[in-house]
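> The following block contains a protein sequence and its predicted model.
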Amino acid sequence: MSDWKYDTDEVGEDGYEPEEREELEPLTPGSPTLENAAFVVLGVATMLFVFGRVILLAA
């Protein structure tokens, strides 16, 4: 006897029972906000600084 709730032949290819499937809303792209763009720029600047320091220390 298996401890699993379902056997592999009791579910569909995607792992859900046919009556258990939910219809998900499709993902739609949004527009970037200033805050998100600022964090991306801050992350790029930080990594460039870190890479520059590593290269300077290695030389």
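Perfect, thanks for sending it. Numbering: from 1, shown residues only.
> OK, contacts around T46?
By CB atoms under 8 Å, 6 or more residues apart in numbering, the contact list for T46 is empty. In this view, the C-beta of every residue, glycine as well, is placed from N, C-alpha and C.
> element containing it, please.
Per DSSP states H and E: T46 is located in helix 34-58.
> model confidence over that helix, on average?
Mean pLDDT, computed over helix 34-58, is 96.
> give the contact list for G43.
Taking CB under 8 Å, 6+ apart, one finds nothing in contact with G43.
> swap in the one 5 residues further on?
Under the criterion of CB under 8 Å, 6+ apart, L48 has no neighbours.
> how much space is there between it and T28?
L48 sits 32 Å away from T28, going by CB to CB, to the nearest Å.
> Equivalent analysis for V40, please.
Applying CB to CB to V40 and T28 gives a distance of 20 Å.
> More neighbours: which of those two?
Neighbours per residue (other CB atoms under 10 Å) separate V40 from T28, with V40 holding more: 11 against 5.
> Next one: that one from L48, what distance?
Taking CB to CB, one finds V40 at 13 Å from L48.
> L34 now?
Between L34 and L48 the computed distance is 21 Å (CB to CB).
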